[in-house]
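Q: Below are the sequence and a predicted model; questions follow.
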Amino acid sequence: MAIALSQQGGLGVIHKNMTIERQAKEVRMVKRYKSGIVKDPLTVTPTTPIKKVLELTKSFKISGLPVVNGEELVGIVTSRDMRFETRLSDPVSTIMTKKDKLVTVPEGTAEVQIKELLHNHRIEKILVVNKDFQLRGLITVQDIQKTQAFPNACKDTDEQLRVGAAVGVGETSQRRVRALIAAGADIIVVDTAHGHSTGVIETVRWIKSTFPESQVVAGNIATAEAARALIEAGTDGVKVGIGPGSICTTRIITGVGVPQITAINNVAKELEGSKVKLIADGGVRFSGDIAKAIAAGADAVMVGSLLAGTEEAPGEVELYQGRSYKAYRGMGSIAAMAQQNGSADRYLQETDEITKLVPEGVEGRVPYKGSAETIITQLVGGIRAAMGYIGCKTIPKMHKNQQFIRLTNAGMRESHVHNIMITKEPPNYQVE
């Protein structure tokens, strides 16, 4: 999902309901998925067993690995070399393409020349080396094709996809932050249900003092006072939303929360004049809701249920009453909090006993929607249409050139489809 989002110009945040090692691995998978030049490719030595190489290619979803002896490049092994190999305990040196037959380019070679070499030699990978024939990078046909297929991809200065990662404020948060930044996470999201708390503020302050170049987003909040406290702690962005999510019951269970548009507006006023960005988290059902959130002061939105039914979302497709669905659960649900490395700390739960957990979310199912690309295309199209209607070319202009009106229940009914039975459901409008 994080890969699909970045390819479409968004940014996925890897959740923290897993071990530190697994979360860091998922960050690395996103960072390695696409890049102009893979500057630190995975490598193996000539003595590495073929079985181990197969495991690495499967784990990282790659088709080949450079072979190095110390720092010197001595060969490359690809999926074609291993396709029908049965001697899995043999060293990879027995099947690799050796040094004298490698196609390489020096650092700084133009993309046009690289494409020409790939085409002329009918190969899918070119190794980048320095004058001492030491490996300095890897360029693949797939990466070039991805660049052409996804021109709006969200990439860093090394042409790698951007990705964020969530952390909490518990005992292991500092170790998790270190591992995620080492893995290449572009943004660290200090993710809790109550962002205006000492733990969040201190965690943000520690991250910014320890890793001053890192980008930090903190939340969730709903008031100007909370925004002010996080700005003073050094955050680069705030996440706004207490209880607006479709699977969230916080407002009902605790009686605490602020209607989302009001919360966005409250925080946006406090952020005026600062460089801190506002992310509206939750309450988005249609693309029009994104447009309203931006108009109220948000710079971006975070969505869950809108993408929960897509092919890239976790969970299996299940059939219910003739229609396909996918399971979807809130981070505040019993199941999410009870699992190992779960989200209990996000909701200030200090017990491991399931019967004593107080949930602030539910579990359920959402309609299967196909690929995330289709849904994102519809969402972006709706936002662009909204900007056209109100005459705004940019998001900052949407913050200023808008007018909100109070809508009655009758007005809301009129806004939706009425007096007709839908026989063909459009991709951007679903009403339960």
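A: Perfect, thanks for sending it.
Q: ok, R406 to M412 distance?
A: 11 Å (Cβ to Cβ, to the nearest Å). Glycine gets a C-beta too; all of them are placed from N, C-alpha and C.
Q: Looking at those two now, which is surrounded by more residues?
A: M412 (9 against 5; other Cβ atoms under 10 Å).
Q: Please give the element, helix or strand, for the more buried one.
A: helix 409-415 (DSSP states H and E).
Q: What mean pLDDT does that helix get?
A: Taken as a whole, helix 409-415 has an average pLDDT of 95.
Q: now that helix: how far from the chain's centre is it?
A: Relative to the chain's own centre, helix 409-415 is displaced by 35 Å; criterion: Cα atoms, centre = their mean, to the nearest Å.
Q: One more: stretch 372-387?
A: Distance, centroid of stretch 372-387 to centroid of chain: 18 Å (Cα atoms, centre = their mean).
Q: Alpha carbons of that stretch, as PDB, please.
A: What follows is stretch 372-387 as a C-alpha-only set of coordinates in PDB (Å, rounded to 0.1, in the frame of the first residue of the first chain):
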ATOM      1  CA  ALA A 372      -5.700   1.700  -5.000                       C
ATOM      2  CA  GLU A 373      -4.600   3.500  -8.200                       C
ATOM      3  CA  THR A 374      -8.200   3.700  -9.400                       C
ATOM      4  CA  ILE A 375      -9.500   5.100  -6.000                       C
ATOM      5  CA  ILE A 376      -6.600   7.700  -5.800                       C
ATOM      6  CA  THR A 377      -7.300   8.800  -9.400                       C
ATOM      7  CA  GLN A 378     -10.900   9.500  -8.500                       C
ATOM      8  CA  LEU A 379     -10.000  11.300  -5.300                       C
ATOM      9  CA  VAL A 380      -7.500  13.600  -7.000                       C
ATOM     10  CA  GLY A 381     -10.000  14.200  -9.800                       C
ATOM     11  CA  GLY A 382     -12.600  15.300  -7.300                       C
ATOM     12  CA  ILE A 383     -10.200  17.700  -5.600                       C
ATOM     13  CA  ARG A 384      -9.200  19.200  -8.900                       C
ATOM     14  CA  ALA A 385     -12.900  19.700  -9.900                       C
ATOM     15  CA  ALA A 386     -13.500  21.400  -6.500                       C
ATOM     16  CA  MET A 387     -10.500  23.700  -7.100                       C
END
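Q: Count the residues that sit near V204.
A: 26.
Q: hang on, isn't it packed against G219?
A: No: counting by Cβ atoms under 8 Å, V204 sits too far from G219 to count as a contact (10.3 Å).
Q: hey, what's in contact with both of these two?
A: Listed as contacting both V204 and G219 by Cβ atoms under 8 Å, 6 or more residues apart in numbering are V190.
Q: Show me where the stretch 201-350 of the chain has its strands.
A: 215-221, 237-240, 277-281, 300-302, 317-320, 323-329 (DSSP state E, counting those that start in this stretch).
Q: Can you add mean pLDDT, distance to I20 and mean neighbour count and give those strands back as CSV?
A: What follows is the strands of the stretch 201-350 of the chain, written out as CSV (pLDDT from 0 to 100; distance: least, Cβ to Cβ, whole Å; neighbours: other Cβ atoms under 10 Å):
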stretch, mean pLDDT, distance to I20, mean neighbour count
strand 215-221, 97, 18, 26
strand 237-240, 98, 22, 27
strand 277-281, 98, 24, 24
strand 300-302, 98, 23, 21
strand 317-320, 88, 31, 10
strand 323-329, 85, 22, 17
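Q: Quick one: those strands as CSV, columns for distance to R162 too.
A: Formatted as CSV, the strands of the stretch 201-350 of the chain follow (distance: least, Cβ to Cβ, whole Å):
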stretch, distance to R162
strand 215-221, 10
strand 237-240, 14
strand 277-281, 14
strand 300-302, 13
strand 317-320, 29
strand 323-329, 25
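Q: per the record, what domains does the protein have?
A: Annotated domains of the chain cover 37-149, 192-406 [automatic domain parsing].
Q: do you know which of those domains lies nearest V177?
A: Checking those against V177 by Cβ to Cβ gives domain 192-406 as the closest, at 5.8 Å.
Q: Can you get me the start-to-end distance on that closest one?
A: With Cα to Cα, to the nearest Å as the measure, domain 192-406 spans 31 Å from end to end.
Q: distance between that domain and the chain's centre?
A: In terms of Cα atoms, centre = their mean, the centre of domain 192-406 is set 13 Å apart from its chain centre.
Q: Low-confidence stretches in this structure?
A: 34-36, 331-332, 335-356, 432 (pLDDT under 70).
Q: longest helix of it?
A: Assignment by DSSP state H gives helix 372-390 as the longest helix of the chain.
Q: Show me what whichever helix or strand comes after it is packed up against.
A: Remark: after helix 372-390, the chain's next helix or strand is helix 395-400, criterion DSSP H and E. Here helix 395-400 touches helix 287-296, going by 3 or more Cβ pairs under 8 Å, 6 or more residues apart in numbering; DSSP states H and E.
Q: The helix it packs on to strand 277-281, inter-axis angle?
A: Between helix 287-296 and strand 277-281, the angle comes out at 150 degrees (axes from the mean of the first three to the mean of the last three Cα atoms, to 10 degrees).
Q: Could you export helix 287-296 as CSV, CA atoms only?
A: Extracted C-alpha coordinates of helix 287-296, given in CSV (Å, rounded to 0.1, in the frame of the first residue of the first chain):
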residue,chain,number,x,y,z
SER,A,287,-13.4,13.3,-2.5
GLY,A,288,-15.6,16.3,-1.6
ASP,A,289,-14.7,15.8,2.1
ILE,A,290,-11.0,16.2,1.2
ALA,A,291,-11.8,19.5,-0.6
LYS,A,292,-13.7,20.7,2.5
ALA,A,293,-10.8,19.8,4.8
ILE,A,294,-8.3,21.6,2.6
ALA,A,295,-10.6,24.6,2.4
ALA,A,296,-10.8,24.7,6.2
